[in-house]
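J.: what's the 3D shape of this:
(one chain, ligands or ions: 1)
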Amino acid sequence: MALSGREELRFFDMGLDDRIVKAIAKLGWVRPTAIQERAIPLGLEGKDVLARARTGSGKTAAYAIPMIQRILTAKKVLQEQMVRALILVPTKELGHQVKTMVSQLAGCCSHDLRVSDVSMQIDYSAQKPFLMEKPDVLVGTPSRVLGHLSRRNVELRDSLEVLVVDEADLLLSFGFESDLHTLLGHLPKIYQSFLMSATFNEDVEALKRLILHNPVVLKLEESHLPPCSQLLQYHMKCEEEERFLLIIALIKLGLVRGKTLLFVNTVERAYRLRLFLEQFLVRCCVLNGELPIHSRCHIIEQFNQGLYNFIVATDESSLLQSANQSQSQGAAVSKKKKKKNAKKVTKAAKDKEYGVSRGIDFQNVSNVINFDFPPTVDAYIHRVGRTARAHQQGTALTFVSHCEVHLLEEVEQILSGGDDGKSVLKPYQFDMKEIEGFRYRCKDATRAVTKQAIKEARLKEIRQELINSKQLKTYFEDNPKDLHILRHDKSLHPSTIKPHMKNVPEYLVPSTLQGVIQPLVGKRKLQPKGNIAARKSFKKQRQDPLKNFKYTGK
Ligand SMILES: Nc1ncnc2c1ncn2[C@@H]1O[C@H](COP(=O)(O)OP(=O)(O)OP(=O)(O)O)[C@@H](O)[C@H]1O
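T.: Next up is the predicted model:
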């Protein structure tokens, strides 16, 4: 069917199995994204595809849809159950997410198509039963898949039809090169491949030579991030103390609304910020490589379900890139050095197969705030790419100290792509004098967040999350409906919290904003002192709509 314009192309026009079209409709997708529009038809023709498209542009479905179609067609001819597709991912979080996306797209033919993710680092024998059932699609990190292949838990040589390498540029920098080489020795001679990446670099070139056969290269001519009609990017020059002051004022004055990701550069900083926000009774979760994988996936899942508004995240993988980049200035980084860097960061990150700024689909994120300036331009792009995904809108705000101005210039230069010097990151117009009133509270809160408090909070959280993680694995697998009762944003340092910090008295609202904004105010907890009977009658009274009232704090 000839299609003259992009607007006219629909999933329906692609000749897809009805069940796939139905699943897409269930997801609420109206039209394909640019990369899907180009890659799906090629994939359906059986071509090898190397695709570069910006972060959040819908690359997963771009390979998953033709892959599912191919499997469904193959199963009509030969019904025997076998592993027909392998998707390699660099991180466990991504493994979990890709499995979910493929399962959703195959949701209307779930009897005909099974998906398994083996990225989790649990006992190989625990995953073996799933592999014995020969899922149609196997998802995993190269090391985990190889582990299963060498234990003969799975066999791919006679069955594999499709190989996907997702986030290809990250795979080698995570130190998977030798695993990948060995793994390829377990695959048949002929199969269709997809190599998906948000950036093209030497690693992707190397993978292209290694994996693809005469591929179609799709390099979408688009900016690294969505245009300003979709994504507003701001920067604000402020030093350390000002960052804390500004963030709390923005949140409390309701200027930051909707789901927000706050990025920092170290785990220690993440807890510092979380404890600081906690002083103002702003609940948030932290996300970092120290936490057990089940907890990490659960936090992302709950955030996507709308349970949390704020996540303070670190992106350890960008530290690795930063380390590699700083060494590569002028000379190519040797494999040895890359491995050394990987080890260095692994040690710091605890879990090398962790990454939240790359590939993770946090849904409906309204704002990304770089509380700490990202270590590399790539890190900036991937962090900010967590908002304004697919066809959605978003805002990014980056704090810049005077010694980070050169980094900002670097980001500006790459993002503007030499576009007659037009600045993509606009200065955030905010008069710090207006929020001077918050300074006293801010200092008070900062004083409570001591090094010792951070250390204790970090330990407490790991301990708690290890328990959570065990529970998640066992109990919640059998009772998925109860999963919501387990929260990850409980206070870590409750003894220092002063309830009055929750509210914003009128005198703290800048005069220019009075009447314009809605500051965040808490509901006062009306708890009667006294005996149990009094409490009961109080509870009854609160449940009676005629007798209860809401305290707005104003
Ligand atoms: N055609 C579409 N219409 C609307 N939403 C879509 C469409 N395709 C994908 N999405 C949504 O867009 C979001 C981003 O998709 P996806 O994670 O596949 O992007 P990506 O290009 O792989 O990003 P990254 O490079 O960060 O991994 C997801 O929430 C997905 O559900």
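
J.: show the end-to-end separation of stretch 412-428, please.
T.: One end of stretch 412-428 to the other measures 15 Å (CA to CA, to the nearest Å).

J.: in that stretch, what counts as buried?
T.: 412, 414-415, 424-425, 428 (16 or more other CB atoms under 10 Å). Every residue, glycine included, has its C-beta placed from N, CA and C.

J.: restricted to strands, list the residues you listed.
T.: Judged by DSSP state E, the buried residues of stretch 412-428 include residue 425 as members of strands.

J.: and the buried residues of stretch 412-428 near the ligand, which?
T.: Near the ligand, taking CB under 6 Å from any ligand atom as the test, no member of the buried residues of stretch 412-428 is found.

J.: could I get the buried residues of stretch 412-428 as CSV with pLDDT?
T.: CSV is the format used below for these (pLDDT from 0 to 100):
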residue, pLDDT
412, 92
414, 88
415, 88
424, 88
425, 92
428, 92
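
J.: turn the buried residues of stretch 412-428 into JSON lines, columns for distance to residue 254.
T.: Output for the buried residues of stretch 412-428, formatted as JSON lines (distance: CB to CB, whole Å):
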{"residue": "412", "distance to residue 254": "29"}
{"residue": "414", "distance to residue 254": "33"}
{"residue": "415", "distance to residue 254": "29"}
{"residue": "424", "distance to residue 254": "26"}
{"residue": "425", "distance to residue 254": "23"}
{"residue": "428", "distance to residue 254": "16"}
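
J.: taking the buried residues of stretch 412-428 together, which two end up most distant?
T.: 414 and 428 (20.1 Å; CB to CB).

J.: okay, residue 285: pLDDT?
T.: On pLDDT, residue 285 comes in at 92.

J.: quickly list what it is bridged to.
T.: residue 311 (DSSP bridges).

J.: which residues does it contact?
T.: Going by CB atoms under 8 Å, 6 or more residues apart in numbering, residue 285 touches 274, 299, 303, 308, 310-312, 488-489.

J.: next: residue 117.
T.: Contacts of residue 117 (CB under 8 Å, 6+ apart): 95-96, 98-99, 139-140.

J.: so what's it closest to, chain neighbours aside?
T.: Using CB to CB, 6 or more residues apart in numbering and skipping residues adjacent in sequence, the residue nearest residue 117 is residue 99, 3.9 Å away.

J.: my read: the one you found touches residue 116, true?
T.: Yes - the pair residue 99 / residue 116 is scored as a contact, 7.4 Å apart, by CB atoms under 8 Å.

J.: need the overlap of contacts for those two.
T.: Contacts common to residue 99 and residue 116, judged by CB under 8 Å, 6+ apart, are residue 139.

J.: which of these two has more neighbours?
T.: residue 99 (22 against 18; other CB atoms under 10 Å).

J.: that one belongs to a helix?
T.: Yes - counting by DSSP: H, G, I helix; E, B strand; the rest coil, residue 99 falls inside a helix.

J.: any idea how far it lies from residue 435?
T.: Distance of residue 99 to residue 435, given as CB to CB, to the nearest Å: 44 Å.

J.: next: residue 393.
T.: For residue 393 relative to residue 435 (CB to CB), the value is 26 Å.

J.: residue contacts, residue 99?
T.: Going by CB under 8 Å, 6+ apart, residue 99 touches 115-117, 139.

J.: let me have the residues you listed in CSV, adding pLDDT and distance to residue 257 as columns.
T.: Listed next are the contacts of residue 99 as CSV, based on pLDDT from 0 to 100; distance: CB to CB, whole Å:
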residue, pLDDT, distance to residue 257
115, 95, 36
116, 94, 39
117, 94, 34
139, 97, 35
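
J.: any regions of the stretch 201-350 of the chain where pLDDT drops low?
T.: 316-350 (pLDDT under 70).

J.: which stretches of it form helices?
T.: Ranges of helices within the stretch 201-350 of the chain are 202-211, 240-252, 267-279, 293-305, 316-328, 335-349, based on DSSP state H, counting those that start in this stretch.

J.: the helix ranked longest in the chain - contacts with which helices or strands?
T.: What stands out as the longest helix in the chain, according to DSSP state H, is helix 451-473. Applying 3 or more CB pairs under 8 Å, 6 or more residues apart in numbering; DSSP states H and E, one finds that helix 451-473 contacts helix 267-279, helix 293-305.

J.: which of the ones you listed sits closest to residue 64?
T.: Closest among the helices and strands packed on helix 451-473, once you apply CB to CB, is helix 293-305, at 18.2 Å.

J.: quick one: buried residues of that closest one?
T.: Quick answer for helix 293-305 (16+ other CB under 10 Å): 293-304.

J.: write out the residues of the chain neighbouring the ligand.
T.: Checking the chain against the ligand by CB under 6 Å from any ligand atom, the hits are 29, 32-33, 36, 53, 55-61, 198, 359, 361, 363, 385, 389-391.
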